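Colleague: Please work out how this folds:
(chains A, B, C and D)
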Number of protein chains: 2
Amino acid sequence: MVMYNPFVVRAATTTDAFNAVAEPRRREILDLLASGERPVGELVRRLGMSQPLVSKHLRVLREVGAVQVRGEGRRRLYRLNAQALKPVHDWVRGYERFWAQRFDRMDDVLEELKREEEGDGSDG
Amino acid sequence: MVMYNPFVVRAATTTDAFNAVAEPRRREILDLLASGERPVGELVRRLGMSQPLVSKHLRVLREVGAVQVRGEGRRRLYRLNAQALKPVHDWVRGYERFWAQRFDRMDDVLEELKREEEGDGSDG
DNA sequence: ATTATACATAACCATATGGTTATATATCAA
DNA sequence: TTGATATATAACCATATGGTTATGTATAAT
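Modeller: Presented below is the predicted three-dimensional model:
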């Protein structure tokens, strides 16, 4: 009879690449930085979010290493550090075979289609 | 002078594959289901989490389509539906080139190593 | 020295989240 | 019918999160 401690220190969730990337606006930021180093102000303008919000998201991204900063005058230039996203890539790549498989095994494809047609009927 | 509405209906965050996958225990569940259909009880035993918690996570996974259920007697058999993870795969794949590049451009590799050595020094 | 710009932080708020315990519901066994 | 098993839900709680409006801090411009 295992006891499940309540409220035990919850592992901070924003502290890994998966969570950093879970937030759509952060993905937007990364997508923008993918084309090159950018100052905060430009992100603000191009993404249409408030400056503090952009800064907050950038902080999260910085903390997981997905971006790096460099000060230039009064501006801060952020650049992508894609290495930090590799864990996500690696993990999800493990599932590649599942959608590749569909083209290998015809009967699975048919089963799949049949199921999709029926709907899963599992809600409620 | 754009006004940023406060507290405008926040897009439910658990409602897409990215967020479903951001939670480590949900990844564990998926990883387990990758090897085949499993009843809830087995997930509970193998993962050592409480039954209600597993059910809750399964619900989230179900809602984003990452798993599907099938009732068999009093048990509910869950199986992976990896298709739902494809958006994550597709997105992160866009960044592949960044770590592939490291082997193409030697000077970038060296720069990268130097930076890693120094730490990013961007905190505070 | 003063003002303006660019950005980061702080303080705050409503809501979402992960977890718990207790309970309801459906099936199987006696 | 009664009881046990398997799972889902409800109710609840502490904390994390995304967002806001100030405000602080460093650099540039006057």
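Colleague: Tell me how far residue A:97 lies from DNA strand D.
Modeller: Using Cβ to the nearest atom of the strand, to the nearest Å, one gets 26 Å for the distance from residue A:97 to DNA strand D. Placement of C-beta: from N, CA and C, glycine included.
Colleague: correction: residue A:57
Modeller: In terms of Cβ to the nearest atom of the strand, residue A:57 sits 6 Å off from DNA strand D.
Colleague: Over to residue A:77?
Modeller: Distance from residue A:77 to DNA strand D, counting by Cβ to the nearest atom of the strand: 13 Å.
Colleague: residues of whichever strand or helix holds that residue that come out buried?
Modeller: Using DSSP states H and E, the element containing residue A:77 is strand A:75-80. Buried positions in strand A:75-80, judged by neighbour count with 16 or more other Cβ atoms under 10 Å in any protein chain shown: A:76, A:77, A:78, A:80.
Colleague: do the same with stretch A:18-30
Modeller: Applying a neighbour-count criterion of 16+ other Cβ under 10 Å, one finds A:18, A:19, A:20, A:21, A:22, A:23, A:26, A:27, A:28, A:29, A:30 buried in stretch A:18-30.
Colleague: before we move on, what about stretch A:43-53?
Modeller: Here stretch A:43-53 shows A:43, A:44, A:47, A:49 as buried, counting by 16+ other Cβ under 10 Å.
Colleague: I'd like the average pLDDT over the strand or helix carrying residue A:100.
Modeller: Using DSSP H and E, residue A:100 sits in helix A:96-104. The average pLDDT for helix A:96-104 rounds to 74.
Colleague: can you map out the helices along chain A?
Modeller: For chain A, the helices defined by DSSP state H cover A:17-22, A:24-33, A:40-47, A:51-63, A:86-93, A:96-104, A:106-118.
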